[in-house]
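Undergrad: coords please:
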Amino acid sequence: MLEIPMKPLLVPALLVAAAVSAHAQEFGYMAFEPSVNHIDLKTCPAKVTAKDVFCRATLQNDTFHVYVFKDDEDMTFVEMLSFEDGEYELTFK
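TA: Numbering: from 1, shown residues only. Here you go, the predicted model:
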């Protein structure tokens, strides 16, 4: 039997589900921060068109997921963008 590890797929799937059901319950940075291992991005990628936002990212296999939150008191989730291998470049200092 083929076993597929579910943990790597769980976080992005849960966050997408949370965004889809945003009308039922707001999903914000206060829930994201302690529950998702992530990187704080200094600036959001150019593909983020929303204004007054901040971004956090996760790397899962070769896919870079960028989570966008409103930069206000509520810090609500705006959108998630995914970048496949070859669509992003990482720089470490």
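
Undergrad: The spatially most central residue of the chain: what's it in contact with?
TA: Centroid-nearest residue in the chain: Tyr67, 2.6 Å away (criterion: CA atoms, centre = their mean). Tyr67 makes contacts with 15, 32, 36, 38, 55-58, 77, 80, as judged by CB atoms under 8 Å, 6 or more residues apart in numbering. The way it works is simple: take the backbone N, C-alpha and C, and place the C-beta from them, glycine included.

Undergrad: can you pick the most crowded of the residues you listed?
TA: Counting neighbours by other CB atoms under 10 Å, Cys55 comes out on top of the contacts of Tyr67 with 22 neighbours.

Undergrad: Need the nearest residue in space to Tyr29, chain neighbours excluded.
TA: Met75 (3.7 Å; CB to CB, 6 or more residues apart in numbering).

Undergrad: Name the next helix or strand following the least confident helix or strand in the chain by mean pLDDT along the chain.
TA: Across the helices and strands of the chain, mean pLDDT, DSSP states H and E gives its lowest value to helix 7-20, namely a mean of 51. Next helix or strand after helix 7-20 toward the C-terminus (DSSP states H and E): helix 29-35.

Undergrad: Now do stretch 67-76, average pLDDT.
TA: Mean pLDDT, computed over stretch 67-76, is 95.

Undergrad: So Phe54 belongs to a strand, correct?
TA: Yes - assessed by DSSP: H, G, I helix; E, B strand; the rest coil, Phe54 belongs to a strand.

Undergrad: Next, the contact list for it, please.
TA: Contacts of Phe54 (CB under 8 Å, 6+ apart): 41, 44, 68-69, 71.

Undergrad: likewise Lys70?
TA: Counted by CB under 8 Å, 6+ apart, Lys70 has contacts 50, 52-53, 76, 78.

Undergrad: Go again with 6 Å.
TA: 53, 76, 78 (CB atoms under 6 Å, 6 or more residues apart in numbering).

Undergrad: what's near enough to touch Cys55?
TA: Applying CB under 6 Å, 6+ apart, the residues near Cys55 are 41, 44, 66, 68.
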